[in-house]
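**Q** here you go, sequence then predicted model.
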Amino acid sequence: MILKKWELIEEFLIRFIKEEITKTGLKKGICGLSGGIDSAVVAVLAKKALGDNFKAFMLPSQHSSESSIKDAKELCKKFNINYEIISIAPLLEAYPIDDRVRLGNFSARMRMAVLYDKSAELKALVIGTSNKSELMLGYGTLFGDLASALNPIGDLYKTEIFEFAKYLGVPESIINKPPSADLWEGQSDEKELGYSYEEIDPVLEDFVDNRATKEELLKKYDPNLVEFILKKIYQNQFKRKLPIIAKLKSRTVGHDFLYERDIRL
């Protein structure tokens, strides 16, 4: 039953990637490949959806771990994914930052700047790699790793990504490493958050998907964990929305000018 579930999800997401790209009139897709599990899953799906019209970009900095490129290359070799390595180290050297968090955000934005330039060069769309846990917690950089034209895994929690990766055959070296954005040496998602995804995801799923109230969550889970998650969700809502436009006219983008993206003129 579990294998059937992932088989259906794989089939749906492959079709999603192909349809969302081709309906724009384009044929190609690209994504950043960090050596982590989220981008690995997206790269495998995109390769299956687009074949040679998909290309992955490894964008290391001087702060990246050596294993990141090694693991990313292993994935590309296994699934015959075309890739290119572009270091963002010169960009970081040109604008030195001595604050670790700011450096992490700047690094993420420089990577996305390179990806969007490559998307223009190749006439391709940028495929996102943020999972549902990250999106709900706001654990990502606005206009950095949160930016994309489409996102196939944004409705899958991090713990589900691990299951899906195993089903897809992602190398164990990627599956078994601690979740990390690899923004600085030793950086760990779960250390930064203060909780593991195994602790976070059940609360998120109950609150978001099962519509549990705060009172119901407090009876079921650690109160500190519940307060932390709810604060993050509401505090970072702005990261999940387009910029709010002040409404002055009768039809305003984001308010009541709501045509579907794929409308045919």
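**A** Yes, it's here.
**Q** and the closest residue to Glu190 other than its chain neighbours, how many neighbours?
**A** In this structure, Glu190 finds its nearest non-sequential neighbour in Ser196, 5.0 Å apart by C-beta to C-beta, 6 or more residues apart in numbering. For every residue, glycine as well, the C-beta is placed using N, CA and C. Other residues within reach of Ser196, judged by other C-beta atoms under 10 Å, total 15.
**Q** got any ranges where the stretch 51-200 of the chain has weak pLDDT?
**A** Applying pLDDT under 70 to the stretch 51-200 of the chain picks out residues 180-187.
**Q** go with 80
**A** Across the stretch 51-200 of the chain, the ranges flagged by pLDDT under 80 are 179-191.
**Q** strands along that one, start to end?
**A** 54-58, 82-85, 124-126 (DSSP state E, counting those that start in this stretch).
**Q** just checking, Ile30 is part of a strand?
**A** Yes - checked against DSSP: H, G, I helix; E, B strand; the rest coil, Ile30 lies within a strand.
**Q** that one bridge partners, please.
**A** With DSSP bridges as the criterion, Ile30 is bridged to Lys55, Val126.
**Q** tally of neighbours for it?
**A** Counted with other C-beta under 10 Å, Ile30 comes out at 27.
**Q** re earlier: out of the strands of the stretch 51-200 of the chain, flag the one nearest Gly35.
**A** With C-beta to C-beta as the criterion, Gly35 lies closest to strand 54-58 of those, at 7.7 Å.
**Q** quick one: residues in contact with stretch 153-167.
**A** With contact meaning C-beta atoms under 8 Å, 6 or more residues apart in numbering, stretch 153-167 is reached by 2-3, 6-7, 9-10, 13, 37-38, 40-42, 45, 128-135, 174-175, 179, 197-198, 200-201, 204-205.
**Q** can you tell me which of the residues you listed end up in helices?
**A** Among the contacts of stretch 153-167, the residues falling in helices (DSSP state H) are 2-3, 6-7, 9-10, 13, 37-38, 40-42, 45, 132-135, 174-175, 197-198, 200-201, 204.
**Q** one step back: can you say which of the contacts of stretch 153-167 are buried?
**A** 6, 9-10, 13, 37-38, 40-42, 45, 128-135, 174-175, 179, 197, 200-201, 204-205 (16 or more other C-beta atoms under 10 Å).
**Q** gap between Glu19 and Leu26?
**A** 12 Å (C-beta to C-beta, to the nearest Å).
**Q** neighbour-wise, which of those two wins?
**A** Set side by side, Glu19 and Leu26 show more neighbours around Leu26, with 16 against 12, by other C-beta under 10 Å.
**Q** pull the number of nearby residues for Ala165.
**A** 20.
**Q** report the separation between it and Ile81.
**A** For Ala165, the distance to Ile81 - C-beta to C-beta - is 15 Å.
**Q** buried sites along the helix ranked longest in the chain?
**A** The single longest helix within the chain, with elements called by DSSP H, is helix 100-122. By 16+ other C-beta under 10 Å, the buried positions in helix 100-122 come out as 103-116, 118-119.
**Q** equivalent analysis for stretch 137-149, please.
**A** 137-141, 144-149.
**Q** how long is that stretch end to end?
**A** 20 Å (C-alpha to C-alpha, to the nearest Å).
**Q** over to stretch 188-196?
**A** 10 Å.
**Q** which residues touch it?
**A** 137, 139, 178-181, 197, 200, 225, 228.
**Q** which among these gets closest to Ser87?
**A** Nearest member of the contacts of stretch 188-196 to Ser87, counting by C-beta to C-beta, is Ala181, at 17.0 Å.
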